[in-house]
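Colleague: next come a sequence and a model predicted from it.
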Amino acid sequence: MKELAEIWSELLGLPPGEIPHDVGFLRLGGDSVLAVRMSALVRKRLGVALALSDVRVETTLGDLAELVRRHTSGGSTTRALPLTVTPRPDPHAEFPLLPLQQGYFVGQQDGWELSYDSAHYYLDYALTGMDGDEAADALADAVERLAAHQPTLRARVTSDGRQHVLPADAPGAVPRVRVYDLREAGPDEIDTALRDVRQEMSTSGPDPTSGPGIDVRLTLLPGDEGRLHLGLSLLIFDGWSSSVLSRDLLTFVADWNAALPALDIHFGDYVTSLADLPATEAWQADRDWWWSRLGTLPGPPALPLAADPQEVRPVTMGNREHRWSAEDWAALRRQCTDRGVTPSTAMLTAFGVVLARWGGHHRMLLNSLQLNRLPIHPEVQRVVGAFAATMLLPLDLDPKATFAELATTVQATSGEHAAHNLITGVEVGREVARRRGSWRPVGPVVFQSVLGVDAAMGGGPPEEAGPLGRVVAADYFHQLRTPQVAIEVRCFELGPEMVAVFSLVEELFDTDQVTVAFAEFVALVDALADGSGWDRVPGLPEETEPGSASGSRLGLLPETAVRHREGPPADDLEQAVADVFEELLEVPVLDRAADFFGLGGDSLLAVRAVVRLAKEAGVSVPVREFLADSTVAGVATAVRSRLGDQR
């Protein structure tokens, strides 16, 4: 109990002797992100491997002590994973993409509606008090040291969807820093230059299929000012990793002699260890739990559309953004603690209320982005990589309930679904699409919260950065491009403040409706912060499912029905396609109407089929065309079209 109290003391900032044994982690100031960190510390210090589902925000210190006691006595009935992460014999060998990485990879091949040629996040922020003569060299040196410390910076993705890490001395392995020296420039020239670099880095992100997955640039400005520019491929880095990366980078920049503790494992070691996951009882139980619910999952919010997503080719996502002051953010946290819900749950519930009003129904499916770093090694939190996963989350918001009652229900639902996190939302979505015969995105409306990450990492990122001066994180510009997403809310902390952003494909929605929805969201959160919104009944629509309203709506768009005459392959080309299907899926393919996905394929295997067919037939079929008609006959027709043979 003493060691556990010390862990809680470290995470919550409370004296160990003042932590009660019968008060939940959340009530004492914890949240779901800190709970992840708690599991990692328990494993590191006590040698007890707890699953994320074992430790919830409602857990008391007494509950945790009993859980640890059962583990150490051999009487545990919890589902700690029997996986071990060890360094691979060859650190440069290929290893698979995780499910969400696969989704981003296929999106970069223009496989999905709402695709981009790079799935990435762009950010730049201000620097003040720079040493303009030393800054560029210090940053380049820091990036080189960071690439040695975190090999993921040297990661590459192959054309058929595998990943590997280049040796540090391989040509082009280490990202190179680009510098713009505008110290003698005037205001107009500076404005133009910043606009140009933001446009370039927002619309043409780093692509690990052809180079580094990170793009680092530095702009030197008059008066010892500057801006640090970062482009991060979502194929390589998740949100937690970007925070780790920023901290490590600034540590190296601030001190030429800084040395971080060496990492015992890297991302490839973690991913390789997951190969044994499907053989575990825990994984099989999670699969059965999800599969038993597939038939009852609702559709996404039926938001009115201004265009069919299949016809839209977005360049970037638009942003609507609001900041809450340190005082309001602190007040919101207190209000949440008093009512036994996390701030992330409050924001999720507010988002759900807005979507219900906008779509006209109160039962819907959201897609939630999760950290999903399984606590199977003590250092997993320090490693940079694309660990994140999605989780499909059904909401059923009672129109008669107060906001506090809604939030309590949402937290329980979210916790129940997160407890079955060994099957990711991408995998669930594939099965849902297969059963429904749909290839439109199952969860195009996304919620993401990283509230609490700074606390889980032991504090905010460094502000002092040596020759780069002081980081002014509040002065920033950012842009997101993520495939298959129509609209996403992102919640994060900015020092003592909180920020929420609606990122959306502007072409899909009526601008006025978006403006109203975002204003409603901000007003709801304001009312939660001042305490007036919790006991109100938000005024949700009575309709459970979408009605018969006119116009196009998200989740209710027509599917392209494709039918082919059944029978054996009609010619040599169809037989060649069938042979490729057989090779990749390891099942006999005897029918020209057989569908690639119905036979057990997925989007990543579809990309590999396209690559293989290009070698066999001499032409490359766009992934989107393959997905539009993924039968033997349909793919053969697409190949003929590319060959110019319209038989």
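Modeller: Noted; the coordinates are in hand. Residues are numbered from 1 along each chain as shown.
Colleague: now the longest strand seen in the chain: buried residues?
Modeller: Taking DSSP state E as the criterion, the chain has its longest strand at strand 470-481. Judged by neighbour count (16 or more other CB atoms under 10 Å), strand 470-481 contains these buried residues: V471, A473, F477, H478, Q479, L480, R481. Placement of C-beta: from N, CA and C, glycine included.
Colleague: possible to save those residues as CSV with distance to R145 and pLDDT?
Modeller: Formatted as CSV, those follow (distance: CB to CB, whole Å; pLDDT from 0 to 100):
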residue, distance to R145, pLDDT
V471, 18, 94
A473, 22, 88
F477, 27, 94
H478, 26, 94
Q479, 28, 93
L480, 28, 92
R481, 29, 92
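Colleague: closest one to T409 out of those, please.
Modeller: L480 (29.6 Å; CB to CB).
Colleague: neighbours of the closest residue to S242 other than its chain neighbours, how many?
Modeller: Nearest non-adjacent residue to S242, counting by CB to CB, 6 or more residues apart in numbering: L232, 5.7 Å away. Residues lying near L232 (other CB atoms under 10 Å) number 23.
Colleague: and what of E463?
Modeller: By other CB under 10 Å, 13 other residues sit near E463.
Colleague: who's the closest residue to it other than its chain neighbours bridged to?
Modeller: Sequence neighbours aside, V471 is the residue nearest to E463 in space, at 5.1 Å (criterion: CB to CB, 6+ apart). Listed beta-bridge partners, V471: L127 (assigned using DSSP bridges).
Colleague: can you pull the contacts of V471?
Modeller: Y125, A126, L127, L228, L250, P461, P462, E463, E464, A465 (CB atoms under 8 Å, 6 or more residues apart in numbering).
Colleague: got the residues you listed as a markdown table, with distance to R436 and pLDDT columns?
Modeller: What follows is those, written out as a markdown table (distance: CB to CB, whole Å; pLDDT from 0 to 100):
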| residue | distance to R436 | pLDDT |
| --- | --- | --- |
| Y125 | 43 | 94 |
| A126 | 48 | 96 |
| L127 | 50 | 97 |
| L228 | 45 | 97 |
| L250 | 47 | 93 |
| P461 | 43 | 80 |
| P462 | 48 | 83 |
| E463 | 50 | 88 |
| E464 | 53 | 90 |
| A465 | 50 | 93 |
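Colleague: and of those, the nearest to A142?
Modeller: For the contacts of V471, the nearest to A142 is L250 (8.0 Å; CB to CB).
Colleague: and for the closest one, the neighbour number?
Modeller: For L250, the neighbour count with other CB under 10 Å is 22.
Colleague: pretty sure it is in a helix, no?
Modeller: Yes - judged by DSSP: H, G, I helix; E, B strand; the rest coil, L250 forms part of a helix.
Colleague: please renumber the chain so that the first residue is 170 from this point on.
Modeller: In the new numbering, first residue 170, that becomes L419.
Colleague: pretty sure it sits against P630.
Modeller: Yes - counting by CB atoms under 8 Å, P630 is a contact partner of L419 at 6.4 Å.
Colleague: which helix or strand contains the residue nearest to S411?
Modeller: Assigned by DSSP states H and E, L401 falls within strand 394-402.
Colleague: same thing with W409?
Modeller: With DSSP H and E as the test, W409 turns up in helix 408-423.
Colleague: quick one: list the elements packing against that helix.
Modeller: helix 304-318, strand 394-402, helix 622-625 (3 or more CB pairs under 8 Å, 6 or more residues apart in numbering; DSSP states H and E).
Colleague: change it to 6 Å
Modeller: Contacts defined by 3 or more CB pairs under 6 Å, 6 or more residues apart in numbering; DSSP states H and E place helix 408-423 against helix 304-318.
Colleague: can you list contacts of the next helix or strand after the helix it packs on?
Modeller: Once helix 304-318 ends, the next helix or strand along the chain (criterion: DSSP H and E) is strand 324-326. Strand 324-326 is contacted by residues Q332, V334, P377, T378, G382, L404, I405 when judged by CB atoms under 6 Å, 6 or more residues apart in numbering.
Colleague: can I get the buried residues of strand 639-650 in JSON lines with distance to Y290?
Modeller: Formatted as JSON lines, the buried residues of strand 639-650 follow (distance: CB to CB, whole Å):
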{"residue": "V640", "distance to Y290": "18"}
{"residue": "A642", "distance to Y290": "15"}
{"residue": "F646", "distance to Y290": "12"}
{"residue": "H647", "distance to Y290": "7"}
{"residue": "Q648", "distance to Y290": "8"}
{"residue": "L649", "distance to Y290": "5"}
{"residue": "R650", "distance to Y290": "8"}
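Colleague: out of those residues, which comes closest to S371?
Modeller: Q648 (3.9 Å).
Colleague: show me the contacts for that closest one.
Modeller: Y291, S371, T485.
Colleague: next helix or strand past the longest helix anywhere in the chain?
Modeller: Identified as the longest helix of the chain according to DSSP state H is helix 680-698. Downstream of helix 680-698, the first helix or strand assigned by DSSP H and E is helix 741-754.
Colleague: mind listing what's buried in that following helix?
Modeller: L742, E743, Q744, A745, V746, A747, V749, F750, L753, L754.
Colleague: return the distance of it from the chain's centre.
Modeller: Mean-position distance between helix 741-754 and its chain equals 34 Å (CA atoms, centre = their mean, to the nearest Å).
Colleague: using CSV, list the CA coordinates for it.
Modeller: What follows is helix 741-754, C-alpha atoms only, in CSV (Å, rounded to 0.1, in the frame of the first residue of the first chain):
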residue,chain,number,x,y,z
ASP,A,741,-7.3,-14.9,-68.6
LEU,A,742,-7.3,-11.4,-67.0
GLU,A,743,-10.1,-12.4,-64.6
GLN,A,744,-8.2,-15.6,-63.8
ALA,A,745,-5.0,-13.5,-63.1
VAL,A,746,-7.0,-11.3,-60.7
ALA,A,747,-8.5,-14.4,-59.0
ASP,A,748,-4.9,-15.8,-58.6
VAL,A,749,-3.8,-12.6,-56.9
PHE,A,750,-6.8,-12.8,-54.6
GLU,A,751,-6.0,-16.4,-53.7
GLU,A,752,-2.3,-15.6,-53.0
LEU,A,753,-3.1,-12.8,-50.7
LEU,A,754,-6.1,-14.2,-48.9
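Colleague: V553 is in contact with D407, correct?
Modeller: No - counting by CB atoms under 6 Å, V553 is not a contact partner of D407; they are 8.9 Å apart.
Colleague: can you give me the angle the helix or strand harbouring Q504 makes with helix 680-698?
Modeller: Assigned by DSSP H and E, Q504 belongs to helix 495-508. Helix 495-508 and helix 680-698 are oriented at 70 degrees to each other (axes from the mean of the first three to the mean of the last three CA atoms, to 10 degrees).
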